[in-house]
Structure formats: structure tokens, C-alpha cells
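Student: Provide a 3D model corresponding to the input given below.
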Amino acid sequence: MQIKTKMSEEGIATQLLQESVGKNVLVKLKGRRSVRGKIKGFDKQMNIVIADAIETIEQTNNNNPEKDQESQIGDTLIRGDNVITIAVL
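Tutor: Below you'll find the predicted structure:
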């Protein structure tokens, strides 16, 4: 009989997200974008609902360094396959 001692990767991710609900996070996305806000919820595909979200778009023009562009976007749904990392702030 084999006993599982390690939690699956999916289980760990779900647990970490569950512990982050209600906390402010920084979500790095594909395409040089990131979103800051409070996690309201998520589903098994790791789609995430963020409240009071602020989106940041990194500017990449090396010859003319510009500030990153920030926009208040309010409540938003982030599709899980666009997420690179999530950090609790």
C-alpha cells in the first residue's frame, strides 16, 4: 500500500490561492502586464477575480525610457492561462 505524502502541484496552488483570498496581490501576466489588487476568488482553472485592480503595462522602448503605464480597471477577471506569477503584497 502506497501512502501519498506529497500534495499535488495543483493542490499546493489551490491552497496558496485560498490563503490569499482577501489579500492584496501582484499578478504578473503574459505580455509585459501586471495587475495589483485584492483577490476575491478563483476557480479550478486558476481564473482569478481581483477587486479594485490596477493594471500596469511595462514600456519597453530602450531608446526612450518611459514610465510604465498604469490604469485603474476596477473589478476584473484574469484568465488563468495568462498568469505567470502571483505574489502576496
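Student: could you use CA atoms for every contact and neighbour count after this?
Tutor: Fine.
Student: could I get the contacting residues of the spatially most central residue of the chain?
Tutor: Residue closest to the mean C-alpha point of the chain, counted by Cα atoms, centre = their mean, is residue 27 at 2.7 Å. Taking Cα atoms under 8 Å, 6 or more residues apart in numbering, we find residue 27 in contact with 34-36, 83-87.
Student: which parts of the protein are strands?
Tutor: Ranges of strands within the chain are 24-29, 33-42, 48-57, 69-78, 83-88, based on DSSP state E.
Student: what's the closest of those strands to residue 14?
Tutor: Nearest to residue 14, of all those, is strand 33-42, at 8.8 Å by Cα to Cα.
Student: which other helices and strands contact the lowest-mean-pLDDT helix or strand in the chain?
Tutor: Ranked by mean pLDDT, DSSP states H and E, the weakest helix or strand in the chain is helix 9-20, scoring a mean of 86. Counting contacts by 3 or more Cα pairs under 8 Å, 6 or more residues apart in numbering; DSSP states H and E, helix 9-20 packs against strand 33-42.
Student: one more time with 10 Å
Tutor: Applying 3 or more Cα pairs under 10 Å, 6 or more residues apart in numbering; DSSP states H and E, we find helix 9-20 packed against strand 33-42, strand 83-88.
Student: give me the local confidence score for the closest residue to residue 34 other than its chain neighbours.
Tutor: Nearest non-adjacent residue to residue 34, counting by Cα to Cα, 6 or more residues apart in numbering: residue 28, 4.4 Å away. Note for residue 28: predicted pLDDT of 97.
Student: point out where this protein drops to low pLDDT.
Tutor: For the chain, the stretches flagged by pLDDT under 70 are 1-9, 62-65.
Student: switch to 80 and redo it
Tutor: For the chain, the stretches with pLDDT under 80 are 1-10, 60-66.
Student: follow-up on the earlier one: nearest to residue 52, out of the helices and strands packed on helix 9-20?
Tutor: Here strand 33-42 is closest among the helices and strands packed on helix 9-20 (Cα to Cα), at 5.6 Å.
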